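Asks: prediction below, plus the sequence it came from.
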Amino acid sequence: MASPGYGKRSAPDQRPRTGQDFTHLNPRDAAIAAYIDGLCDGADISVKTLAKTLPYGQCAIRTSLNRLQEAGHLRRGSECVANGTNLLWVTRTFFSRTARDDTWWAGFSRGDVPEETRRETRSKAFILLAALGRKAPVLSLSHHDCVALEPQTSEWLSRGATETDILRALTAGLPDRIHHPAAFVAKRLQTKLPPAREPRPVLRTLECSECRAPGTADALPGGKCRPCAGHPTRRTPTLPTQQVRAKARAVRAGLIPKSDRPKR
């Protein structure tokens, strides 16, 4: 595992893993991407660590990581996280099995991830309800029950509750016999509904893969700033030396001598 604040961070809303995820990449890039994809969040994916594990040198891995960034699978940056009463900026390396364009990464850096056009067959709420009988057999639900209770369960998730929170609320202190599991679950979902949480502002910035200059996703197309990508920006014209000196003389002339300043 990497040091706290470093390592791999999985991007949200990725498509399910298949054997065709990285076939559009060259063999070396695909092998490195598949290896990173199989690592858990927080795993050290620095160039040195990858070179110790994979049969490639540091230069080759650094080149492949830059190409993965250009292909939309990876972004480097920083994120502001709460640590008790303090706010800390920590380094992040975001990885997405699903290739993303610059527009998606721009929304991600603002905390506003665009929705996928392809929706999942079943929601998290439905899957949780369908599996409830494995956790508590007396709460086994039918397909019709899961569909009816799905909106209530989705409301819990939208308020920040985790699947563990919902299971705990539904299964804690169960009676020996439950005649109507669907009605019992509906009642608990209603009476134990947690309060709505205030949305936390997302403080996140990306950085250039070459010079590490921070910037917005719009300013880093393909993960590189414009100068590193070979598109130098125009410099703002500076004042000639004579004008700078003339302005300095005018400022000095307007100053009140120390001997003439009013005493406090």
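Replies: Received it, and whenever you're ready, just let me know what you need.

Asks: helices of the stretch 1-150 of the chain, residue ranges please.
Replies: Per DSSP state H, counting those that start in this stretch, the stretch 1-150 of the chain carries helices over the ranges 27-37, 47-53, 58-70, 102-109, 124-130, 132-135, 143-158.

Asks: all helices of the stretch 151-264 of the chain, in order?
Replies: Taking DSSP H, counting those that start in this stretch as the criterion, the stretch 151-264 of the chain contains helices spanning 163-171, 181-191, 241-254.

Asks: any idea of the mean pLDDT for the second one?
Replies: If you average the pLDDT over helix 181-191, you get 95.

Asks: which positions in that helix come out as buried?
Replies: 181-182, 184-186, 188-189 (16 or more other C-beta atoms under 10 Å). C-beta: built from backbone N, CA, C; applies to glycine.

Asks: ok, stretch 219-228 next?
Replies: 220-225, 228.

Asks: closest one of these to Arg204?
Replies: Leu220 (12.8 Å; C-beta to C-beta).

Asks: I'd say that closest one and Cys208 touch.
Replies: Yes - between Leu220 and Cys208 there is a contact at 5.9 Å, judged by C-beta atoms under 8 Å.

Asks: residues in contact with stretch 44-53?
Replies: Outside stretch 44-53, the residues that touch it by C-beta atoms under 8 Å, 6 or more residues apart in numbering are 1-2, 6-8, 32, 35-36, 39, 56-58, 61-62, 65, 93, 95.

Asks: let's see 10 Å
Replies: With contact meaning C-beta atoms under 10 Å, 6 or more residues apart in numbering, stretch 44-53 is reached by 1-3, 6-9, 32, 35-36, 39, 43, 56-65, 74, 93, 95.

Asks: okay, now the unreliable bits of the stretch 1-150 of the chain?
Replies: Within the stretch 1-150 of the chain, the stretches with pLDDT under 70 are 1-6, 81-87, 113-121.

Asks: what about 50?
Replies: Residue ranges of the stretch 1-150 of the chain with pLDDT under 50: 2, 4-5, 117-119.

Asks: next up, the contacts around Leu193.
Replies: The contact partners of Leu193, by C-beta under 10 Å, 6+ apart, come to 152, 155-156, 159, 161, 169.

Asks: which among those gets closest to Leu128?
Replies: Distance to Leu128 across these (C-beta to C-beta) is lowest for Trp156, with 9.3 Å.
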